[in-house]
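**Q** okay, predicted coordinates and the sequence, questions at the end:
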Amino acid sequence: MDDGAAYASSPSPTRAAREPFRADGVEEHFLDGRASTTTSMVEALSRSLSVVVLANVATVAEHGDRPEVYALRTRAIVVSTAEFAEREKLRASGLLDEMMAGDQHDPDRVRMPIAETCSAEDQAICDRLLVRAVARLRALGGAPEDAALLSAWLGPCLETPSLVAPAAAAWSPGEPALNLYRPGGAFGSHQDEQALTVLVPLTDRNGDFEGSGTAFFGLADDGASLAAEPSFVLAPTMGSAVLWGGQVHHAAVSVAAGLRIVFVGSFSPAAATDDGGAPPCEPTAPMETDDGDDEAAAAADVKEETDEAAAALVGQTVRVVGLAGRPELNGRVGIVRRFVAARGRLAVEVAGEATLALRAENVEVAPPPANDGDEEEFPPDVD
C-alpha cells in the first residue's frame, strides 16, 4: 500500500520540538530528529518516524491454564523442533546450504505462519493480540486530528472484531507468524512495506535468551542516507507489543544463547470488496504497461502456478523420472519432504540415498512401495 510511503516521505512544517511520548504502559522511541517535529505520537508512528511499545498486551491469566504467551511459545517450540530435525537431515546429506539459499533464509530461524502451523484456538489468541494492540493505539489517538489520521491510515482495521478473518486485512507474505530464533538466528535490515507492524515478544531477554532484540534504523547525520548503526535495539518484556510503520528499517539481531520467540504481523487495510465496500485509501491511476511488462506478469503467474503444484507434492510418495545426470536414480521411489520455492527444488528422501534436490518435472506421483520384508523402509517422518 502506498499510504505508508506517503506518510514517510511527506515533509513536516517547522514545529517546536517535542519529546517522545511517555505514559503508563506506553513508550515512544524516536528513530531520528524528524520525529521531534511531528505534532503527536500517532503522526510520527504513521509516518514511520518512531516506534511505540505497549505494555501488557498479551495477558497472563486470560487463557486460564494456558496463558496466551505460553500457549503460543509452546506451539512455536513444537513446530520448530520438527523443522530443525528436518534441517539436520539436510545438513547430513550436504544439501542444507542449497535448500536454505535465497532471500534471508537462515538455518537458525524458523518462520511459522499461524494459518499453517497453529490450532484454531492458538490462531484466536493471535487475533486477540492484534485487535487488542490496535484498540490500544486507537485509544491513544483521542485528539480529533489523531483520530482523523488513524482513520485515513488504518481505516476499517480500527473497527474490525477480527484482523485474521478472510478479507479483514492485507498481510505480508506468510504472516501473521510465529518466529523462533536459536543461537545464531537473525534477520537482516528490511522494511515491511505495510501500514502497521505489531510484534509481541513471547520470551524475555536475559531469562530465555541472551543478546538479540529488534534493531531500528533512522537517518544518518547527513539527513539523507540510512544510518549504519541502529538508533536503538528493543527487547521488551514478553507480552508487550512493539508497533511501527511500514517504512521503518529494522532487523532481528543475532541470538547469542537460548531461544527468542516472537509473534509478528504486518498488515494494511484490505482492498475494496465486490459488495461495494469503500477502499481504505484514494485509488491511483492505472499504471501504463508495455508488452515487456505483460510478459513479465504472465511469467510470474506461471511461476506461481508451478510453485503451488510443486508445494502440493510435499508428503507424497513419488518416483524419480527424467534425470540425465544420474540416470541410475530414475525409477527409484521416495518421499517429498519439503519444497524450497527460492530454489525451485523438492527435497526427496530416497531410501539408501542422500536426500535429493529435484525439480518438479523430475518426479511423478507413485503409490507407496509395498514392504514385503526385503525392501528397505523409509525413515519415519518427524512430523
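**A** Now that the structure is in, tell me what you want to look at. Predicted, not measured: the structure shown is a model, and the values here were computed from it.

**Q** looks to me like Trp153 is in a helix.
**A** Yes - under DSSP: H, G, I helix; E, B strand; the rest coil, Trp153 sits within a helix.

**Q** how close does it sit to Val42?
**A** For Trp153, the distance to Val42 equals 8 Å [CB to CB, to the nearest Å]. From N, CA and C alone the C-beta is placed, and that goes for glycine too.

**Q** what is the longest helix that the chain contains packed up against?
**A** The residue-count maximum for a helix in the chain (DSSP state H) belongs to helix 68-92. The contact analysis (3 or more CB pairs under 8 Å, 6 or more residues apart in numbering; DSSP states H and E) places helix 68-92 against helix 96-100, strand 109-113, helix 120-140, strand 177-181, strand 260-269, strand 333-340.

**Q** partner strands of the fifth one, with direction?
**A** Just to be clear, that refers to strand 260-269. The pairing partners recorded for strand 260-269 under DSSP bridges are strand 169-171 (antiparallel), strand 177-181 (antiparallel), strand 196-201 (antiparallel).

**Q** tilt between the helix or strand Trp244 falls within and helix 120-140?
**A** Using DSSP states H and E, Trp244 maps to strand 241-245. Inter-element angle recorded for strand 241-245 and helix 120-140: 60 degrees (by axes from the mean of the first three to the mean of the last three CA atoms, to 10 degrees).

**Q** sheet partners, orientation included, of strand 241-245?
**A** Assessed with DSSP bridges, strand 241-245 is paired to strand 50-54 (antiparallel), strand 196-201 (antiparallel).

**Q** so can I have a markdown table of these showing distance to Gly94 and mean pLDDT?
**A** Converted to a markdown table, those look like this (distance: least, CB to CB, whole Å; pLDDT from 0 to 100):
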| stretch | distance to Gly94 | mean pLDDT |
| --- | --- | --- |
| strand 50-54 | 42 | 98 |
| strand 196-201 | 35 | 97 |
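
**Q** nearest to Thr81, of those strands?
**A** Nearest to Thr81 among those is strand 196-201 (20.0 Å), distances taken as CB to CB.

**Q** any idea which helix or strand comes after the closest one?
**A** strand 209-217.

**Q** and that following strand, what's buried?
**A** Phe209, Gly211, Ser212, Gly213, Thr214, Ala215, Phe216, Phe217 (16 or more other CB atoms under 10 Å).

**Q** any idea of the angle it forms with strand 196-201?
**A** Using the same axes, to 10 degrees, strand 209-217 lies at 170 degrees relative to strand 196-201.

**Q** and strand 209-217, what does it pack against?
**A** strand 232-234, strand 249-258.

**Q** from the contact counts, what lies against the last one?
**A** Strand 249-258 makes packing contacts with strand 177-181, strand 187-190, strand 209-217 when contacts are defined by 3+ CB pairs under 8 Å, 6+ apart.

**Q** low-scoring stretches of this protein, by residue?
**A** Scanning the chain with the threshold set as pLDDT under 70 gives 1-15, 60-66, 95-105, 271-306, 325, 340-343, 352-354, 368-383.
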